[in-house]
Structure formats: C-alpha cells, structure tokens
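S.K.: predicted structure and sequence below. I'll ask about it afterward.
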Amino acid sequence: MAGTTGTTGTTGLIVCLAVLALAGAFGMAHSRRNGRMTVRGRDAEERLTAEEVGAERLGERATLVQFSSAFCQPCRATRRILAEVAQMVEGVVHVEVDAESRLDLVRRLGIMRTPTVLVLDARGRIARRASGQPRRADVIAALGEAV
C-alpha cells in the first residue's frame, strides 16, 4: 500500500497538466476565431432586406448588421466600432438587431452568439460575418471586399 500513494499522486499531476494544456489550446483557438470576419458558403445565397433587419433602408454601398442582446457587454463596444466605421465610410449604414426579439431571423441565419456582425453588400447579400467583437481594421477590410 505504501507504493500506491506516489503513483496516484503522479497520475493526478499528469491528468491535471493534460487538462490545463487542453484548456489552454482551446482558449487560444477560441481567441483567434473570436471577432474574425469570415465567409460561409451558404451566406452567399442569403439576401436581407431593410424590412427584415428593421432599417429604413440599406446602405448605398454596404450595411453593417449587428445582432445584440440586452446584457451583452461586447455588444456595446461593437456598437461603437460599427457606428464609427459607418460614419467614416460614405454609403455605409449600421443597423442593430435585438436577437431576442428576432429569433426567426437568428435561426434562419445561424446566429449562435452575440454580438454577431454581418456585412451586407449594396444588394443585401451577406459578404462577411464575425461572431464576437470584431476589430475596427477587420470591419474596414471586410467593407472593402463587400463594396
């Protein structure tokens, strides 16, 4: 019995280190994807109208559609970033959609978390999307591709 205590302690240490390594790898992968502007194959077929997103009109050049929820802290920062970019780039409109009140649209578009940002071209086609808080430079780059 005296020899089993050392083996159990070593096994526990190995398991603990393995869990920490996996958690670290997951965290790094998550932070690399968070807020990154991507293209999904099925997005290219999807078009949104001003009515669907609750806007008076879509932007002449592009529209930034932000899906938010009431208690989402990153949504506030995202709102500021998108509003600033929309003011900087002529013909771009920023629209915020309350995800909780538009569950039909959330399900249809596969929105899994807030904030999620969609970059629509002038015709309402989804050109890019970001799940999480995007960086200002990424939003501007996505607009350049959508315009």
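M.R.: Here it is on my side, so go on. Numbers count the residues shown, from 1 in each chain.

S.K.: from here on, contacts and neighbour counts on C-alpha atoms
M.R.: Will do.

S.K.: straight-line length of stretch 58-74, end to end?
M.R.: In stretch 58-74, first residue to last residue: 24 Å (C-alpha to C-alpha, to the nearest Å).

S.K.: report the mean per-residue pLDDT for it.
M.R.: Stretch 58-74 shows an average pLDDT of 95 in the prediction.

S.K.: give me the three-state assignment for Gly59.
M.R.: Here Gly59 takes the coil state, with states given by DSSP: H, G, I helix; E, B strand; the rest coil.

S.K.: my guess is it meets Val92, correct?
M.R.: Yes - counting by C-alpha atoms under 8 Å, Gly59 touches Val92, with 4.8 Å between them.

S.K.: find residues that contact each of those two.
M.R.: Overlap between the contact sets of Gly59 and Val92, as judged by C-alpha atoms under 8 Å, 6 or more residues apart in numbering, is nil.

S.K.: now do the same for Thr11: its pLDDT.
M.R.: 80.

S.K.: separation between Pro115 and Val19?
M.R.: Relative to Val19, Pro115 is positioned 29 Å away (C-alpha to C-alpha).

S.K.: look at these two and report which has more neighbours.
M.R.: Pro115 (28 against 12; other C-alpha atoms under 10 Å).

S.K.: quick one: that one and Arg129 touch, right?
M.R.: No - the criterion here is C-alpha under 8 Å, and Pro115 misses it with Arg129 at 10.6 Å.

S.K.: list the contacts for the closest residue to Gly54 other than its chain neighbours?
M.R.: Nearest non-adjacent residue to Gly54, counting by C-alpha to C-alpha, 6 or more residues apart in numbering: Val97, 7.2 Å away. By C-alpha under 8 Å, 6+ apart, the contact set of Val97 is 53-54, 65-68.

S.K.: farthest pair within those residues?
M.R.: Gly54 and Ser68 (13.4 Å; C-alpha to C-alpha).

S.K.: show me where this protein has helices.
M.R.: For the chain, the helices defined by DSSP state H cover 4-33, 50-53, 73-88, 103-109, 136-146.

S.K.: and the fourth one, how far from the chain's centre?
M.R.: Averaging C-alpha positions (C-alpha atoms, centre = their mean, to the nearest Å) puts helix 103-109 15 Å from its chain's average.
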